[in-house]
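# need a 3D model of the following:
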Amino acid sequence: MPSLKSFQVQFDRPNAAYMAGEQVSGKIIVNVSRDTNVRRLYFSARGGANVCWSQSQSRKDANGQVRTVHSNFTNSEEYLHLQYNIAVQQCTGRERPDSLVRITSGYHEYPFTFQLPHSIPSSFEHYYGHIRYTVKAMMDRPWKFNHECKTAFTVISPLDLNEYRARCLGIQDEVVENFCCLCVINQGSIRAEITMPFTGYVPGQSINTILDYKNSSSSVEISKVTTKLAKKIDFYANSPYSKTQTSNAVLKSTSDSGPFSARGRVVSNILVPPIPPSHLKYCSIINLEYQVIVTVHVSGPHCKIEKSYPLLIGTVPLYCPPSAPPMEDANVVPVPSVVRQNTPVIITVPLPMTVSPEQFNAPYPQTGAQNRHMGFVHPDQPSTSAVNLEIPPPSYEECMSGTEHIKESNDSSYVFGANRPFAPRYPVFNYPTQSKNTNLLRDHLILAVRAHGQFLTKSLFPQIYATNEREVAGRW
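Next up is the predicted model:
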């Protein structure tokens, strides 16, 4: 009869979600039915990124015969690796790896604690790669197979949207699509104006997209309008040679099938699900980007109208809408003078500033007490951002995509917990009701008018300004 009843790692925090730089604590639970001698009982904490995928290629050999060659592309990074012998220290007061430690029969708890580095990326799981943090406990037994148990925990690297306000600017984009038959007969056009108040969001927040359209064609009709929240992931391998694997997926979508009049408005709302922050800061072998895609489907053989805009997903929400750029700013695209046939034309687009992934990988600031938390919401205490936005601290919810197991290539087949599924948890903000959101938006518009003037605010957000013009005019 086996002497080991239970062997597991348990974290002090129920959701096992920690911010980069925090202290991780927990206990190793051992329950044996009889006295057991071990060389040592220790735990190891590891964190790293791995990418791996296979591809098949057909090649000719020296004899001219075509053969299929299978290649495995891999790459890895290590962020955390520590090991501590807890049983020896607790029993003898000093480490003696050559001596045996007796674990008496019954239930035992061995506490552990360690510090996470500041400059480590958020947890991430995907079929082609992952960023994973685990704690493994092991009983090193003489002349017997070792007992091992393993569990994963979530690390969140803060991304404060307020530090990248220039990348969160609103969108006001106008597209004109002209239709013709046989490149000769003019069939009219559709003019679409797409508006977004800002492009920086956190999980739990609603992405509001407004589409104002005018259909001047009598033969071409709008059949459907869709809005999608999509992600693009790039995996970078360096063995056997450098290669990039790209994965695209739609996270959420909304659809409006009409009917559509000659002129109208379509408003879509997409709630941001629990997802990791953009760019996976401090990871150089996996890059993650988000975008919102607005598509206007039309009848007949004509091409659909489709526009995409980059989004920045963070862990700390914006305190207020980002300031608009000056009218002479390079991010404002000028109005073209010619409208070409069958070609979407951008009339006015205040684009977010582009920031390279290297700028996201800057060293973690070490000075100042506030920098240690970066405005991130600690699970046990409210945050400044949550108070300013009049919303409660976030909950930590499992992401949409996880992994079927956390077993690594060097793990044996007898590691307890390695075959269990795991999904990282990310902070999700519970935003107030629509009426509170409306009042909050009006307050933000008033602040924008005071800071940048009525004309600039109205020109950048005409629909939102028009809806709240009376309240704004009476208070600014």
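# what mean pLDDT does stretch 193-209 get?
The pLDDT scores in stretch 193-209 average 94.
# go ahead and measure how far that stretch is from the middle of the chain.
Centroid displacement of stretch 193-209 relative to its chain, using C-alpha atoms, centre = their mean, to the nearest Å, is 15 Å.
# that one spans what distance, first to last residue?
End-to-end distance for stretch 193-209: 10 Å, by C-alpha to C-alpha, to the nearest Å.
# list the buried residues for that stretch?
Neighbour-count burial for stretch 193-209 flags 193-205, 207-209 (criterion: 16 or more other C-beta atoms under 10 Å). C-beta coordinates here come from the backbone N, C-alpha and C atoms, glycine included.
# ditto for stretch 244-263
Those would be 245, 252, 254, 260, for stretch 244-263 by 16+ other C-beta under 10 Å.
# my guess is the third one contacts Thr227. True?
Yes - with contact defined as C-beta atoms under 8 Å, Thr254 counts as touching Thr227 (5.0 Å).
# find residues that contact each of the two.
268, 270 (C-beta atoms under 8 Å, 6 or more residues apart in numbering).
# just to revisit the earlier point, so which of the buried residues of stretch 244-263 sit within strands?
Those of these mapping onto strands are 245, 252, 254, per DSSP state E.
# any idea how far Val266 is from the last one?
Remark: distance between Thr254 and Val266 (C-beta to C-beta, to the nearest Å) = 9 Å.
# next: the second one.
Between Lys252 and Val266 the distance is 16 Å, computed by C-beta to C-beta.
# so what's the residue count around Glu174?
Glu174 has 17 neighbours, counted by other C-beta atoms under 10 Å.
# begin at 12 from here
Sure, I'll start numbering at 12, so the last one becomes Glu185.
# tell me the secondary structure for it?
With DSSP: H, G, I helix; E, B strand; the rest coil as the basis, Glu185 sits in strand.
# what are the boundaries of the helices in the protein?
Ranges of helices in the chain, per DSSP state H, are 97-103, 368-371, 395-399, 445-463, 465-471, 473-478, 480-486.
# where among these is average confidence lowest?
Minimum mean pLDDT among the helices of the chain: helix 395-399, a mean of 41.
# from what I see, Leu322 and Thr210 are in contact.
Yes - Leu322 lies in contact with Thr210 (C-beta under 8 Å); the separation is 5.3 Å.
# shared neighbours, these two?
Common neighbours of Leu322 and Thr210 (C-beta under 8 Å, 6+ apart) are Val303.
# returning to what we had before: just give me the closest of the buried residues of stretch 204-220 to Ala248.
Pro214 (29.2 Å; C-beta to C-beta).
# check the gap between Glu317 and Lys292 for me.
On the measure of C-beta to C-beta, Glu317 and Lys292 end up 30 Å apart.
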